[in-house]
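S.K.: only geometry, no sequence info:
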């Protein structure tokens, strides 16, 4: 069933401006008659997705979404749902500047992407930790952040490898403010060879300093 922009906006629970933007970018099925758009995509799909948008995704779904945003094709059974989420993220892309709603949505969705642990390492071991193939840099430790920090290291790691790494480098549990090693444990059998920009961005945004938030916003926009 076709409907007007106003009708679709009311059914989907979004603004008419957002509907036009989605239609113009081809992210929903629509046709233009003169100066008006007619929407043919079922609004229930968009509306139901939007209603669940505030809930954190489970770890596997969060990684699927982030990897898809960087062009990697998901092989999971939830691929169609992942594509829907990616479409919603892209709808926040704007030539008029950064949309803070994008940041809020990304941080909510990706909250469960990993379990974060903070450690203190001997400073002389940091270079070896940084070059350990069992670890994948993120946040300020990833080159894409533009904020490489020599005095600390932040990385994703398989949960199954974490205990051995802690033992290998004699890492000591500590608080976030005292840590020079942050391990983000993921419950998977294989660590992705590439950490997607969306996950790097969220780490930077969570850390909260002016420089990190600025870098995180830039990566977040690039990722969509």
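M.R.: Received it, and whenever you're ready, just let me know what you need. Values in this document were obtained by computation on a predicted structure and should not be read as measured data. Numbering: from 1, shown residues only.

S.K.: in what helix or strand does residue 66 lie?
M.R.: Using DSSP states H and E, residue 66 sits in helix 59-69.

S.K.: Toward the C-terminus, what is the element adjacent to that helix?
M.R.: helix 79-90.

S.K.: What's the mean pLDDT across that following helix?
M.R.: For helix 79-90, the mean pLDDT works out to 82.

S.K.: Kindly report the same for stretch 55-65.
M.R.: Stretch 55-65 comes out at a mean pLDDT of 90.

S.K.: List the buried residues for that stretch?
M.R.: By 16 or more other CB atoms under 10 Å, the buried positions in stretch 55-65 come out as 57, 59-65. In this view, the C-beta of every residue, glycine as well, is placed from N, C-alpha and C.

S.K.: circling back to that earlier point, now do the helix holding residue 66 against helix 79-90, angle only.
M.R.: Interaxial angle of helix 59-69 relative to helix 79-90 (axes from the mean of the first three to the mean of the last three CA atoms, to 10 degrees): 60 degrees.

S.K.: Pull the residues that contact helix 59-69.
M.R.: Here helix 59-69 makes contact (CB atoms under 8 Å, 6 or more residues apart in numbering) with 56-57, 74, 76, 78-79, 81-83, 85-86, 89, 109-110, 112-114, 186-188, 192, 196-199, 223-224.

S.K.: Report the buried members of these.
M.R.: 57, 74, 78, 81-82, 85-86, 89, 109-110, 113-114, 186, 192, 196-199, 223-224.

S.K.: how about the helices in this structure?
M.R.: For the chain, helices defined by DSSP state H occupy the ranges 5-12, 16-24, 43-51, 59-69, 79-90, 100-109, 126-130, 159-168, 197-207, 210-223.

S.K.: quick one: pLDDT of the residue nearest the centre of the chain?
M.R.: Nearest to the mean C-alpha position of the chain, counting by CA atoms, centre = their mean, stands residue 198 at 3.6 Å. Per-residue pLDDT puts residue 198 at 95.

S.K.: wait, residue 31 sits on residue 4?
M.R.: No - between residue 31 and residue 4 there is no contact under CB atoms under 8 Å: 11.8 Å.
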